[in-house]
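>>> how would this look folded up:
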Amino acid sequence: MKTIFLLFLCIFGARAYRPNVLFIILDDLRPALQVYGDTTSYSPNINSLAKKSFVFQQAYAQQALCAPSRNSLLTSRRPDTLHLYDFYSYWRDAVGNFTTLPQHFKEHGYQTYSIGKVFHPGISSNFSDDQPYSWTRSPYHPKTEQFKNAKVCTNSDGTLGKNLICPVVTEFQPLGTLPDIESTNEAVKFLQATKTNTQPYFLAVGFHKPHIPFKFPERYLDYHPLSNISLPSNRVRPSLLPDVAWNPWIDIRERDDVKKLNIPFPYGPIPDDLNKRIIQAYYASVTYVDDLIGKVLQNADFTNTIVVVTSDHGWSLGQHGEFSKYSNFEEATRVPLIIHVPNLSEKRINVDSLTELVDIFPTLVDLTRVSEPLLRCPKSAILNVCTEGKSLLPVMLGSLEMHKKVQGKSAIFTQHPRPGARPTLNPNSDKPHLRDIQIMGYSIKTNVYRYSEWVGFDNENFRANWTKIYGRELYNHQIDPQENLNLEDRADLQPIIKKLRKRLILGWRKSY
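Okay, the predicted model is just below:
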């Protein structure tokens, strides 16, 4: 380990050498990639990047919802610190003037630029993508974003609808293009312009896909014929799943092509033929965005650029009878995380350590040596710059030595709110407003277990009431990696539940 670390210092130690950072974030992408062993996926460009990168096998979002997850990642603070579980508050006004990942690089001499969906648009980023704090220049948003939910999807009778599944002919779309194509062109333009620039850059490129609607050029369906699509074996709601843990995929139900089926609320089920087409459209969206990522990567200088590819959270494709995100299940919380480091990752290096999105900020600080390592955020004092994650550099360096394993985290933590103990349309039990949140589902995952507890939550003081329990879940990933069998009522497992519950209440600080 010492030899590897000294080598790292030789390569990156001098402050004069400051590598660029290309940060690529996708929307709703589970590890549905060839590099993660997904045989349905066709993602050759990300696969090619992974061949010279660190590939994190157990990376997790802190909440399976766009705005809370992105703000958590970009500030390295958890949802309970940001007091953000919906889309409707801005952390600088609500909690503290926390420094963001791009802001930190900007303040240390980097040119920073945002393209597409990096921060979640709206109140949660002050209607400005956190400008002027985070970015050197005004963030770029594609003009076609305005048509994201427009009725542009062709129905079988020739009419247009606001559909879930929406393959299109690109030139016939409004303005003759799509948002992610526009973002790709802007990213290529930026990268080409910086080739002669001596100032290092932090470029964040946010792709909309595979987020719904599944709107993509129709030719990408050819990569995923329906005959090759398999249905999940566990596409039935688990009998022992607490009602409070169920997400009724309201955003899917609101789409015209799904709405007309009149699927009973809240437990469905979605017909198998539609489930197959949803899976097909999801993977076609992944192949589409992989193609665009390839165009961006072709213009990056891999000899002097750290490349990160990740997602804000995952997405369920019928597992447990659920779709979309809005839960603490593996499908909703696990994400891909691939990091290329010039001169360090010249081949694919698998990293099995438990990892969280809050770890990315301190990791990039350590990889670039843009500043001193980030301090761990203290319990009482409020610091503008600190981390509630943990730098991944030690486990990355340790993974380079075949016989040396570095201890990473012993657990990761996710959470999701609910307005009540049973699924409801109003208030929306998938994504309730803060004022409606009455329950918080807290989850701890170790290398063996995932334990979740749904408890009372004070939405004014942001506190959990651990004495008011609405539901519990325990899954043993060694024998049940799909999380099909809730073991929380097993008498012989109560000592394990007691230990996991204690760790869950103590939180992330005790798991480093």
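>>> only C-alpha atoms from now on, for both contacts and neighbour counts.
Will do.
>>> residue 389 contacts residue 76, doesn't it?
Yes: the pair residue 389 and residue 76 qualifies as a contact (C-alpha atoms under 8 Å) at a distance of 6.2 Å.
>>> quick check: residue 147 vs residue 102, distance?
From residue 147 over to residue 102 the distance is 28 Å, taken as C-alpha to C-alpha, to the nearest Å.
>>> neighbour count winner among these two?
Using other C-alpha atoms under 10 Å as the criterion, residue 147 and residue 102 rank with residue 102 on top: 27 against 14.
>>> please name the nearest non-neighbouring residue to that one.
In this structure, residue 102 finds its nearest non-sequential neighbour in residue 134, 5.3 Å apart by C-alpha to C-alpha, 6 or more residues apart in numbering.
>>> ok, the one you found touching residue 112?
Yes: the pair residue 134 and residue 112 passes the contact test of C-alpha under 8 Å, sitting 7.4 Å apart.
>>> now for the two: what residues contact both?
Counting by C-alpha atoms under 8 Å, 6 or more residues apart in numbering, the shared contacts of residue 134 and residue 112 are 102-103, 106.
>>> which member of these is positioned nearest residue 94?
Closest approach to residue 94 among these (C-alpha to C-alpha): residue 103, at 18.6 Å.
>>> show me what the helix or strand containing the closest one is packed against.
Per DSSP states H and E: residue 103 is located in helix 101-106. Packing contacts for helix 101-106, counted by 3 or more C-alpha pairs under 8 Å, 6 or more residues apart in numbering; DSSP states H and E, involve helix 66-75, strand 111-116.
>>> restricting to C-alpha, output the last one in CSV.
It stands for strand 111-116. Coordinates of each C-alpha in strand 111-116 appear next as CSV, following Å, rounded to 0.1, in the frame of the first residue of the first chain:
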residue,chain,number,x,y,z
GLN,A,111,-13.3,26.6,-15.0
THR,A,112,-16.6,25.0,-14.1
TYR,A,113,-19.5,24.4,-16.5
SER,A,114,-22.8,22.6,-16.3
ILE,A,115,-24.6,21.1,-19.3
GLY,A,116,-28.0,19.6,-19.1
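>>> and that strand, average pLDDT?
Strand 111-116 shows a mean pLDDT of 98.
>>> so which residues make contact with it?
Counting by C-alpha under 8 Å, 6+ apart, 102-103, 105-106, 134-142, 179-180, 183, 186-187, 199-208 sit against strand 111-116.
>>> now with 7 Å, please.
102, 106, 135-137, 139-142, 183, 187, 199-207 (C-alpha atoms under 7 Å, 6 or more residues apart in numbering).
>>> most centrally placed residue in the protein?
Closest residue to the average C-alpha location of the chain: residue 312 at 2.0 Å, with C-alpha atoms, centre = their mean.
>>> that residue contacts residue 68, correct?
No: with contacts counted by C-alpha atoms under 7 Å, residue 312 stays clear of residue 68, the gap being 9.1 Å.
>>> now the nearest residue to residue 49 once chain neighbours are set aside: how far from residue 109?
In space, and not counting its chain neighbours, residue 49 is closest to residue 340: 7.4 Å by C-alpha to C-alpha, 6+ apart. From residue 340 over to residue 109 the distance is 22 Å, taken as C-alpha to C-alpha.
>>> compare those two (neighbour count), which wins?
Remark: of residue 340 and residue 109, residue 340 carries more neighbours, 26 against 13, as counted by other C-alpha under 10 Å.
>>> can I assume the more buried one is in contact with residue 48?
No: at 11.0 Å, residue 340 does not count as touching residue 48 under the criterion of C-alpha under 7 Å.
>>> where does residue 58 fall, phi/psi-wise?
Main-chain dihedrals, residue 58, degrees, to the nearest 10: phi -130, psi 70.
>>> excluding its backbone neighbours, what's nearest it?
Excluding its sequence neighbours, the residue lying closest to residue 58 (C-alpha to C-alpha, 6+ apart) is residue 354, at 5.2 Å.
>>> helix, strand or coil for the one you found?
Here residue 354 is strand, with the state taken from DSSP: H, G, I helix; E, B strand; the rest coil.
>>> tell me, how many residues neighbour it?
Residue 354: 20 neighbours (other C-alpha under 10 Å).
>>> so what's it up against?
Counting by C-alpha under 7 Å, 6+ apart, residue 354 touches 58-59, 408-409, 411-412.
>>> okay, helices next: where are they in the stretch 1-150 of the chain?
Shown for the stretch 1-150 of the chain, the helices assigned by DSSP state H, counting those that start in this stretch span residues 2-12, 44-50, 66-75, 79-82, 91-94, 101-106.
>>> how close does the residue nearest to residue 49 sit to residue 442?
Going from residue 340 to residue 442 by C-alpha to C-alpha gives 32 Å.
>>> try residue 396
28 Å.
>>> kindly report the same for residue 315.
Counting by C-alpha to C-alpha, the gap from residue 315 to residue 442 is 18 Å.
>>> okay, those two: which has more neighbours?
The neighbour comparison of residue 315 against residue 442 (other C-alpha under 10 Å) goes to residue 315, with 29 against 23.
>>> just checking, the more buried one touches residue 331?
Yes: with contacts counted by C-alpha under 7 Å, residue 315 reaches residue 331, the gap being 5.6 Å.
>>> now do the shared contacts for the two.
Contact with both residue 315 and residue 331 is made by residues residue 30, according to C-alpha under 7 Å, 6+ apart.
>>> still on that earlier bit, alpha carbons only: can I get the helix holding residue 103 in CSV?
Extracted as CSV, the C-alpha positions of helix 101-106 are listed here (Å, rounded to 0.1, in the frame of the first residue of the first chain):
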residue,chain,number,x,y,z
LEU,A,101,-18.4,20.1,-5.5
PRO,A,102,-18.2,22.4,-8.6
GLN,A,103,-18.0,25.5,-6.4
HIS,A,104,-15.0,24.0,-4.5
PHE,A,105,-13.2,23.5,-7.8
LYS,A,106,-14.2,26.9,-9.1
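>>> now that helix: buried residues?
101-106 (16 or more other C-alpha atoms under 10 Å).
>>> for the residue nearest to residue 102, give me its contacts.
Applying C-alpha under 7 Å, 6+ apart to residue 134 gives the contacts 100, 102-103, 106.
>>> show me the contacts for residue 162.
By C-alpha under 7 Å, 6+ apart, residue 162 lies in contact with 149-153, 255-256.
>>> please enumerate the shared neighbours of residue 389 and residue 76.
Common contact partners of residue 389 and residue 76 (C-alpha under 7 Å, 6+ apart): 358-359.
>>> how about the strands in the stretch 51-200 of the chain?
54-60, 111-116, 153-154, 160-161, 165-168 (DSSP state E, counting those that start in this stretch).
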